[in-house]
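Novice: Kindly generate the corresponding structure for this input.
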Amino acid sequence: MPTSRTRVILLLLTVTLIVALVVVVGLARGDEPERATFSAPPSAATVPSATTPTVPAAPQPPDGLPVIAYADGPRGLPTDPDPESVTALTEALRPRTRMALYDAPGGRPRAWLPPRISGLPVVAPIVARQNGWAAVLVPAANRTVGWVPEAGWQSEPLRDQLVVDLGDRRLTWLREGAEQAHWTVAIGTDATPTPLGRTFVMGRTGTSGSVYAGLDALVLGSVPEEPEKMAAGLQKAHTGIHAWTNSSVFGKDVSNGCVRTPAAVQRKLLAQLDPGTPVVVTA
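Specialist: A predicted model of the protein is given here:
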């Protein structure tokens, strides 16, 4: 009878023969030992590249499109989106030739903006930009902007700003955002108010009468709110900033809409401010 040791040896031999047989059969079938394989990770999803928005084309202005004049402002243009903002405007547009103002980027042309109006150079502050277009304050209209393509005009920097606070009857002069001085002034009456909102200095014009201290007035782009309430000679006038020799008016609502200043103040403004200077009238 086989011993225990003999049984173990026979069992090991049997197992070894079975393993060898399996390997031989596998090789005969062409099987390969299992191997770990590594493949390149899938590429990251392609992120679409940022594309430049298409600039809306400017429709051709029609024949007979009106030209903005000193006493004839445009119609159909949008309202200034932020009329009493005192944020400094730092750039203006100076047309090389007359250019159409549109009611939106790529919208409808409403009026021609000429390079000069009544002899004054047009330098219109830029208040917004959108998709290759710029919005500018419009002369001869209150709280109104017009859109133009960003081409065909000259850019000019703006450094100064005037803020007229009607509640305090105060005029403040700022340069590059820093206050330079402020003064008590006279403003329009309830019937002939100083127009609210953003406008700008169009230029200067002469005055007639000793009450103006012999100094030029600064002509603004704004016009009377209700021209029919004005005297006939003022119905097509513009708002202005001018000297006044009678000091008793300062701090009061007494004018036809203009801002009256002491003569010394007017001299300083005339010496320092350029066409295009933004003027903000706040309540």
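Novice: going forward, measure contacts and count neighbours with C-alpha atoms only.
Specialist: OK.
Novice: low-confidence ranges in the protein?
Specialist: 1-52 (pLDDT under 70).
Novice: Tell me which stretches of the stretch 151-283 of the chain form strands.
Specialist: 153-157, 160-165, 170-175, 178-184, 187-188, 197-205, 217-220, 240-243, 253-255, 259-261, 278-282 (DSSP state E, counting those that start in this stretch).
Novice: Which among those strands is found nearest to residue 82?
Specialist: The closest of the strands of the stretch 151-283 of the chain to residue 82 is strand 197-205. By Cα to Cα, the value is 8.3 Å.
Novice: Adding mean neighbour count and distance to residue 141, write the strands of the stretch 151-283 of the chain out as CSV.
Specialist: Below are the strands of the stretch 151-283 of the chain laid out as CSV (neighbours: other Cα atoms under 10 Å; distance: least, Cα to Cα, whole Å):
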stretch, mean neighbour count, distance to residue 141
strand 153-157, 15, 21
strand 160-165, 23, 18
strand 170-175, 18, 22
strand 178-184, 14, 26
strand 187-188, 26, 18
strand 197-205, 24, 9
strand 217-220, 25, 10
strand 240-243, 25, 14
strand 253-255, 19, 20
strand 259-261, 28, 18
strand 278-282, 24, 14
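Novice: what about the closest residue to residue 266 other than its chain neighbours, distance to residue 189?
Specialist: Closest residue in space to residue 266, ignoring its immediate chain neighbours: residue 243 at 5.6 Å, by Cα to Cα, 6 or more residues apart in numbering. The gap separating residue 243 from residue 189 is 17 Å, by Cα to Cα, to the nearest Å.
Novice: which residues does the residue nearest to residue 266 contact?
Specialist: Neighbour list for residue 243: 211, 212, 213, 215, 217, 260, 261, 262, 263, 265, 266 [criterion: Cα atoms under 8 Å, 6 or more residues apart in numbering].
Novice: One more pass at 10 Å, please.
Specialist: 185, 207, 211-218, 259-267 (Cα atoms under 10 Å, 6 or more residues apart in numbering).
Novice: which strand residues sit across from it in the sheet?
Specialist: residue 261 (DSSP bridges).
Novice: Could you give me the ChimeraX selection string for whichever of the contacts of residue 243 are buried?
Specialist: Applying 16 or more other Cα atoms under 10 Å to the contacts of residue 243, the buried members can be selected in ChimeraX as follows:
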select :185,212,213,215,216,217,218,259,260,261,262,263,265,266,267
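Novice: nearest to residue 79, of the strands of the stretch 151-283 of the chain?
Specialist: Per Cα to Cα, nearest to residue 79 of the strands of the stretch 151-283 of the chain: strand 197-205, 10.5 Å.
Novice: for that closest one, packing partners?
Specialist: Packing contacts for strand 197-205, counted by 3 or more Cα pairs under 10 Å, 6 or more residues apart in numbering; DSSP states H and E, involve strand 116-117, strand 120-121, strand 124-130, strand 133-137, strand 160-165, strand 217-220, strand 240-243, strand 278-282.
Novice: returning to what we had before: using TSV, lay out the strands of the stretch 151-283 of the chain together with distance to residue 60.
Specialist: Below are those laid out as TSV (distance: least, Cα to Cα, whole Å):
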stretch	distance to residue 60
strand 153-157	17
strand 160-165	35
strand 170-175	39
strand 178-184	42
strand 187-188	41
strand 197-205	28
strand 217-220	30
strand 240-243	35
strand 253-255	43
strand 259-261	40
strand 278-282	30
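Novice: between those strands, which one is nearest to residue 116?
Specialist: strand 197-205 (9.6 Å).
Novice: Partner strands of that closest one, with direction?
Specialist: Strand pairing (DSSP bridges) places strand 197-205 next to strand 217-220 (antiparallel), strand 278-282 (antiparallel).
Novice: Could you list the residues in contact with the first one?
Specialist: Around strand 217-220, the neighbours that count as contacts under Cα under 10 Å, 6+ apart are 120, 139-140, 199-207, 237-243, 258-260, 266-267, 269-270, 273-279.
Novice: same question, the longest one
Specialist: With Cα under 10 Å, 6+ apart as the contact definition, strand 278-282 has outside contacts at 83-92, 124-126, 137, 158-168, 171-173, 194-202, 220-222.
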